[in-house]
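A.B. asks: Have a look at this prediction, sequence included:
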Protein chains: 2
Amino acid sequence: MLCVSSCFRATEEEQQAQSKKALKKQQKEAEKAAKKAEKQAKLVSVSFPDRELVRVQDLTPEKADQLIWLRARVHTSRAKGKQCFLVLRQQQFNVQALVAVGDRASKQMVKFAANITKESIIDVEASVRKVEQKIESCSQQDVELHVERIFVISQAEPRLPLQLEDAVRPDGEGEEEGRATVNQDTKLDNRVIDLRTTTSQAIFRLQSGVCQLFRDTLTQKGFVEIQTPKIISAASEGGANVFTVSYFKTSAYLAQSPQLYKQMCICADFDKVFCVGPVFRAEDSNTHRHLTEFVGLDIEMAFNYHYHEVIDSITDTMVQIFKGLRDNFQTEIQTVNKQFPSEPFKFLEPTLRLEYTEGVAMLREAGVEMGDEDDLSTPNEKLLGRLVKEKYDTDFYVLDKYPLAVRPFYTMPDPNNAKYSNSYDMFMRGEEILSGAQRIHDAQLLTERATHHQIDLEKIKSYIDSFRFGAPPHGGGGIGLERVCMLYLGLHNVRQTSMFPRDPKRLTP
Amino acid sequence: MLCVSSCFRATEEEQQAQSKKALKKQQKEAEKAAKKAEKQAKLVSVSFPDRELVRVQDLTPEKADQLIWLRARVHTSRAKGKQCFLVLRQQQFNVQALVAVGDRASKQMVKFAANITKESIIDVEASVRKVEQKIESCSQQDVELHVERIFVISQAEPRLPLQLEDAVRPDGEGEEEGRATVNQDTKLDNRVIDLRTTTSQAIFRLQSGVCQLFRDTLTQKGFVEIQTPKIISAASEGGANVFTVSYFKTSAYLAQSPQLYKQMCICADFDKVFCVGPVFRAEDSNTHRHLTEFVGLDIEMAFNYHYHEVIDSITDTMVQIFKGLRDNFQTEIQTVNKQFPSEPFKFLEPTLRLEYTEGVAMLREAGVEMGDEDDLSTPNEKLLGRLVKEKYDTDFYVLDKYPLAVRPFYTMPDPNNAKYSNSYDMFMRGEEILSGAQRIHDAQLLTERATHHQIDLEKIKSYIDSFRFGAPPHGGGGIGLERVCMLYLGLHNVRQTSMFPRDPKRLTP
């Protein structure tokens, strides 16, 4: 039997024919009873086709000889005489299916099957059969499907802009046989196809896990989730690298971080807060690690006696994320590693914390020339990461007590040494993933520091005013989600861990 | 003893004096041992003052006669001869504290305590005492504190822009005695103070709960969280009401919803996705329910046979949210009700679903004149909500099968009646909180409908192209977080449930 439904349309089965007689009888019922009946009728869901769709991952020998329905994509198709072999795919799982001329399928049906374009979505009715020899090329290696009916649910155009098998091929592999890999721009231009690969599916399922682990850990620690505005009236962090928005008859800006707002929440007694949301940087940087829009995982908390309480909370949160990924996302990690091999991510418990001066000393020992109050260049950050890995065997550490001069105006100076500050960065595999600090919670000191940084006080008035009516000592930091995923997985470009990346040259799709 | 630390600075205790002799001895140790010692030293946290701060909510008779430390705000202060009564507050909890001339406190200390400004943050050492008569004005009614030491951690300026007790006073109460309430603009202008009230604390803790319940329910249902870009290259939904952003040498827009991106994720095999993030509407609407930036809780999913599978998933998610709030946020609900009384929120299980034509019939029966294909006006939505409440006793229902003419171009027409569409809105207390539909998943039909809506095809090319390579039937919807919180709590202005609301006239704080 051969069935094609070229464009899927759901059928409505909820309208039941009711004879006039029955209707009349019903109308005669007491008003209250009718009302009740009507109420109940409204609450009953419509009935759907009585057909269960099996998941590919559930196709195991236990299902042998069962007749099942399945919806999946045509991953590959290969006709061979009176047979057509299909590989059917659902996300990272796939199974072999055979359409063969015989009792159940006609010659026409085999021809029809052979002509279904790759990536089309089809429904098949098929019996599950155990196979004698494992099917190495599929995730479901012990069974294949013998197809009896096929419906095309959604047909793909014949010419795909890229081939999935090319998009997941490790760099260099198959070069001799002339097999293609797909360059990054082609992948991103056709992101909807590229996201279907096992690698992309694994990356973004892991990313979803990072967000969940971040929030669950902080919720358990008593943090409250907040939502902060992205359209703001003043470029809060000095005015550079900010996007301008037309806002009715005036102009506004896109927030470069939720920092000022999360601090205001601390001043408003929320004690410990976090937020997950987009942050915007109008930086014309075309590097492997910069995006103009990325997802910030932000933390801010009041502390009791020392800003290291904040560092401890953040590092413990990161450790919980690393552990959760290690324990629950091994399949995803290994899937990504197949295409992009990397060493497992190493971390210590508790987290290693070095002072900035120690980091500078390690770099100088390795031949780097730099002043005490110089900021770390990206190459030096990476070098320091390698030195720390060698010495302490960790891919994650904190660098504490940055020079005051290289930090934003709201950073608390070190009370013991005016050259330094109570601020820190955190690194994964030698790249910065978090920047944070104790913040100034005294309006007068904040005013002095803003003036020193030549910031227009009028524009940050409501921010400074937040500290006039009692503010607890507090600190926090902002984490870049895409960087965490990139570096945890040992990838080399942040565009791989942003679903629809934005950079100075890319605004689509 | 009287101690004042006018500006809190943490002390560093990690630097331990080491005698030269000891250092020399250490240098003599084997290199490996030294390395190991250094490693361990780095991993040890600094020691903080050995002083536990008790939480106000834990001050119960079990702690009677204990000497404790506490950090809290001065909520009120009242000097009376040789005594000063303070009420100390942490979020929604407060306790009475007494500073009295005697063994433990001098006359000067009582005077000092009396002069501490309201909203200042102080540390006190005090002994906990059971009281014979309940202190009705405090959350901790069975104990009071006898203060022995006071440190001022952060001093509030003496003139508060608003009084917390005025900001939580129900409308009309105390009018006769000339007691003030605070108008909304004053509250929002001084949001950091206003957010400290018990009402605000309860609202935003409940809002945090809504987000968590939304995500947890969907994660359990197998949904994957996605992050979608907010800066987009084309005004996706027709071009009206969109904010423009300067993007380097070109222009871009702020996404009015993540809808096109979540659909692309469905085309990219993520099957079921959700996202939580800001959405932007450049609508010059100054109403109680419109914001120019709000938080969208978005859902999109592939379905098997009928778009009512999508409605069922969304309504079940809403029901789980309502149940979670009812079961876990009674304190918050009752706190808000004290200032803003409202009826408990009612819902049915499963959720009531009415067809648009039925809604129109109910309105006509109530005297409203409207055409079959007219959209519902806001007053008519509210009226219909009242009629539905009367008839079905629910504050939450779905209105299904909207006229095609009033829905966006990507809405799937009803296959049985071209005048209508497979689309729906959901309502809480008669106001819309969600708009959703089955989407067109066929590139050709989508092109036709976009052309019909006079949308520039070139600008939505990458969106339409997403459906060319196999797309499953799918649908979804977008929920407004602030509206859900407002309507669940029976509030009357969406600015009450947005921490830092944005409307055409408000961009600060």
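C.D. replies: On my side now, so go ahead. Note that this is a predicted model, so its numbers are computed, not measured. Numbering: from 1, shown residues only, chains lettered A, B, ... in the order given.

A.B. asks: and for stretch A:354-373, what are the contacting residues?
C.D. replies: A:376, A:380, A:383-384, A:387-388, A:391, A:397-403, A:405-406, A:419-420, B:42 (C-beta atoms under 8 Å, 6 or more residues apart in numbering or on different chains). To be clear about C-beta, it is placed using only N, CA and C from the backbone, and glycine gets the same treatment.

A.B. asks: Where does the prediction get shaky in chain A?
C.D. replies: The model of chain A has pLDDT under 70 over residues A:1-49, A:236-239.

A.B. asks: switch the cut-off to 90
C.D. replies: By pLDDT under 90, the low-scoring segments of chain A are A:1-51, A:80-81, A:103-105, A:171-181, A:234-240, A:454-456, A:458-463, A:508.

A.B. asks: is any part of the helix or strand hosting A:His75 close to chain B?
C.D. replies: If you go by DSSP states H and E, A:His75 is part of strand A:67-80. Yes. Counting by C-beta under 8 Å from any C-beta of the partner chain, chain B is contacted by strand A:67-80 at A:71, A:73.

A.B. asks: Just checking: what are the partner strands of that strand?
C.D. replies: strand A:53-54 (parallel), strand A:83-90 (antiparallel), strand A:121-130 (antiparallel) (DSSP bridges).

A.B. asks: Can you pull the residues of the stretch 401-509 of chain A lying near chain B?
C.D. replies: Residues of the stretch 401-509 of chain A lying close to chain B (C-beta under 8 Å from any C-beta) are A:415-416, A:422, A:438, A:441-442, A:445, A:462-463, A:465-466, A:468-473, A:481, A:498-502, A:504, A:507-509.

A.B. asks: Which among the contacts of stretch A:354-373 count as buried?
C.D. replies: A:376, A:380, A:383-384, A:387-388, A:397-403, A:420, B:42 (16 or more other C-beta atoms under 10 Å in any protein chain shown).

A.B. asks: mind listing which of those residues are in helices?
C.D. replies: A:380, A:383-384, A:387-388, B:42 (DSSP state H).

A.B. asks: Dump those to CSV, plus distance to B:Pro161.
C.D. replies: Listed next are these as CSV, based on distance: C-beta to C-beta, whole Å:
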residue, distance to B:Pro161
A:Asn380, 47
A:Leu383, 51
A:Leu384, 47
A:Leu387, 52
A:Val388, 48
B:Lys42, 47
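
A.B. asks: Just flag the most distant two among these.
C.D. replies: Largest separation among those by C-beta to C-beta: A:Asn380 and B:Lys42, giving 20.0 Å.

A.B. asks: burial count for whichever residue of the stretch 251-400 of chain A sits closest to chain B?
C.D. replies: Taking C-beta to the nearest C-beta, chain B has its nearest neighbour within the stretch 251-400 of chain A at A:Ala268, 3.5 Å off. Number of residues near A:Ala268 (other C-beta atoms under 10 Å in any protein chain shown) recorded here: 25.

A.B. asks: Torsion angles phi and psi at it?
C.D. replies: Dihedral pair for A:Ala268: phi -100, psi 20, per degrees, to the nearest 10.

A.B. asks: Tell me which residues touch the nearest residue to it once chain neighbours are set aside, please.
C.D. replies: For A:Ala268, ignoring the flanking residues on the chain, the nearest one in space by C-beta to C-beta, 6 or more residues apart in numbering or on different chains is B:Leu195 at 3.5 Å. Going by C-beta under 8 Å, 6+ apart, B:Leu195 touches A:264-265, A:268-270, B:201, B:204, B:499.

A.B. asks: again, only this time at 10 Å
C.D. replies: A:226, A:264-265, A:267-270, B:167, B:187, B:201, B:203-204, B:499-500 (C-beta atoms under 10 Å, 6 or more residues apart in numbering or on different chains).

A.B. asks: do A:Asp58 as well
C.D. replies: A:68, A:70, A:93, A:140.

A.B. asks: hey, what's the closest residue to the last one other than its chain neighbours bridged with?
C.D. replies: Residue nearest to A:Gln140 in three dimensions, not counting chain neighbours: A:Val95, with 4.1 Å by C-beta to C-beta, 6+ apart. As for beta bridges, A:Val95 partners with A:Leu88 under DSSP bridges.

A.B. asks: Does A:Val95 touch A:Leu88 like I think?
C.D. replies: Yes. Taking contacts as C-beta atoms under 10 Å, A:Val95 lies within contact range of A:Leu88: 5.5 Å.

A.B. asks: Find residues that contact each of the two.
C.D. replies: Common neighbours of A:Val95 and A:Leu88 (C-beta under 10 Å, 6+ apart) are A:56, A:59, A:70, A:72, A:75, A:126, A:138, A:140, A:145.

A.B. asks: With neighbour count as added columns, please give those in a markdown table.
C.D. replies: What follows is the shared contacts of A:Val95 and A:Leu88, written out as a markdown table (neighbours: other C-beta atoms under 10 Å in any protein chain shown):
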| residue | neighbour count |
| --- | --- |
| A:Val56 | 21 |
| A:Leu59 | 28 |
| A:Leu70 | 22 |
| A:Ala72 | 26 |
| A:His75 | 21 |
| A:Ala126 | 25 |
| A:Cys138 | 22 |
| A:Gln140 | 23 |
| A:Leu145 | 26 |
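
A.B. asks: Looking at these, which is nearest A:Ala156?
C.D. replies: For the shared contacts of A:Val95 and A:Leu88, the nearest to A:Ala156 is A:His75 (11.3 Å; C-beta to C-beta).

A.B. asks: Counting neighbours, which bits of stretch A:93-105 end up buried?
C.D. replies: Of the residues in stretch A:93-105, A:93-101, A:104-105 count as buried by neighbour count, 16+ other C-beta under 10 Å.

A.B. asks: no wait, stretch A:438-447
C.D. replies: A:438-443, A:446-447.

A.B. asks: now do stretch A:359-367
C.D. replies: Applying 16+ other C-beta under 10 Å to stretch A:359-367 flags A:359-360, A:362-363 as buried.

A.B. asks: Please compute how far it lies from its chain's middle.
C.D. replies: 36 Å (C-alpha atoms, centre = their mean, to the nearest Å).

A.B. asks: before we move on, what about stretch A:374-385?
C.D. replies: 27 Å.

A.B. asks: do the same with stretch A:402-409
C.D. replies: For stretch A:402-409, the distance to the chain centre is 31 Å (C-alpha atoms, centre = their mean).

A.B. asks: rewinding a little: so which of the buried residues of stretch A:438-447 comes closest to chain B?
C.D. replies: A:Asp442 (5.1 Å).

A.B. asks: I figured the closest one hits B:Ser154, correct?
C.D. replies: Yes. Counting by C-beta under 10 Å, A:Asp442 touches B:Ser154, with 7.3 Å between them.
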